[in-house]
Each structure stands twice: as C-alpha cells, then as structure tokens.
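S.K.: sequence below, structure please.
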Amino acid sequence: MKNFRVVEQLITMSEAMKIAPDIAILLAKTWQQYQNQPIDKDAVCRIWSFDLGWFDMETATRVRDNLVRAGWIDVSTDGAKPEIETENIDVPFGWLPTMRLLESPPSLPKGMKTGPTFEVEGAVEHVQEIPESAPIDPASTHISVLLMQITDESGLEKKEVLRRAQRKRRALGPVTLWMALLLVAREQKLTMGPFMVTISA
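M.R.: Okay, the predicted model is just below:
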C-alpha cells in the first residue's frame, strides 16, 4: 500500500511539472542559495527585480502574490518558502520566466507538496525535457563559449553580460540568447568576427 502511494505521488507530481515547469524552475532559481529555507517575502521580490532583473518591483510583487494564492509559495511569520523541493531542479542556462503563466498560475496539486527528495527527482525529468518537435539551433550549443569570450573582451563580469542580454531579450521579444549576447558585444564596440566564428563552428 505504501509503494502504491509513492507511485501515485510521483505520477501526480510528474503531471504537475508538465503543466507548470516554468514555476518549478523559477522557484529553484530564487531559492538556489537558500536551500528551501524561508526568506523575507519582500526579499523574494527584490531578488526577482534587482538580482535577476526579471521584473520591476510592482510586477514582482504581483507575481509573488499570484504564486502564494496558487499554493506554490508559502508565507508565514518565518518568511516565504517554496512548497516543493527545489534542490534537484536544474535551471537551464539563460532561462527567463514566462509572464503569461505567472499572471494566472495553476494551483499546486496536493501530491506535489514538499516531500522526500527521491519523489521530486521523478518529476525533474520533465523540467529538462525538450519536445521532439522543437527546432534545434546549432548556435545555441556555443552560448557558454560565446559568453566567456564577450566577458573577456569587454571586461564586464559574466553576470553583468548575461543580465544585459536578458534585458535585451525582454525588450525585443522572441530573440535567442546568443543573438542577445551578440547585441551586447556590439553595444560594447567589440570586434564581431571572432564571435561569429564561434557560433558558426
């Protein structure tokens, strides 16, 4: 009977991850340095707004409140913390949250409430899963090298280069991360030839 309950929980969590993987990744990124420990609820908004550059403070507050209402974040006198285990969820490089989902997030299923790590691992696979129909961009495989090149050439910190690239993606809409990085390089008046060779390799 116990094994049946564990399997049932795994299935429930797996389905939930299919519904809202972005939320799980957002929580993992937010609490990656806090190991699911409570932090001040206003600090959550500051992390999203100032540290990660995802939203302005007004939007960050709205998103936080939406996730609290939907049960993904618990707020108590100790602070705010995610209602799922986040330690084993990988955050894809250059990932950005999807506002459409965060404006009206689905409710957190009961089967996905914080539990043993091995249960969450069964659902994490869906966070990393790439649909077979998704087109593969060869240039995207060189993003790490491109980022390091721009960092070395510009003198900017890696985090700052990535922050500027993410800001350009938000401003321009559906732009790939490598293209946004090239725009940052162009903005810094760097020689573009070596970067073009990198993404074409």
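
S.K.: which parts of the protein are strands?
M.R.: All strands of the chain, identified by DSSP state E, fall at 73-76, 79-82.

S.K.: now the first one: average pLDDT?
M.R.: For strand 73-76, mean pLDDT rounds to 92.

S.K.: please name every helix or strand in contact with that strand.
M.R.: Packing partners of strand 73-76 (3 or more Cβ pairs under 8 Å, 6 or more residues apart in numbering; DSSP states H and E): helix 57-69, strand 79-82. Heads up, the C-betas are built off the backbone N, CA and C, glycines and all.

S.K.: and the first one, what's buried?
M.R.: So the one you mean is helix 57-69. Using 16 or more other Cβ atoms under 10 Å as the test for burial, helix 57-69 gives Thr59, Ala60, Thr61, Val63, Arg64, Asn66, Leu67, Val68.

S.K.: ok so, going back, of all the helices and strands packed on strand 73-76, which one is nearest Ile199?
M.R.: helix 57-69 (31.8 Å; Cβ to Cβ).

S.K.: ok, now which ones touch the nearest residue to Ile89 once chain neighbours are set aside?
M.R.: In space, not counting the residues next to it along the chain, Ile89 is nearest to Ala28; the distance is 3.9 Å by Cβ to Cβ, 6 or more residues apart in numbering. Ala28 makes contact with Thr86, Glu87, Ile89, Asp90, Val91, according to Cβ atoms under 8 Å, 6 or more residues apart in numbering.

S.K.: show me the domain layout of this protein.
M.R.: Per the record, the chain has its domains at 2-128, 138-200, by automatic domain parsing.

S.K.: lowest-confidence stretch among those domains?
M.R.: domain 2-128 (a mean of 73).

S.K.: now tell me what touches stretch 61-79 from outside.
M.R.: 23, 27, 38-41, 43-45, 48, 55, 80-84, 97, 102-108.

S.K.: just the buried subset of those residues, please.
M.R.: Here, 16+ other Cβ under 10 Å leaves 23, 27, 38-39, 41, 44-45, 48, 55, 80-84, 97, 102, 105, 108 buried among the contacts of stretch 61-79.
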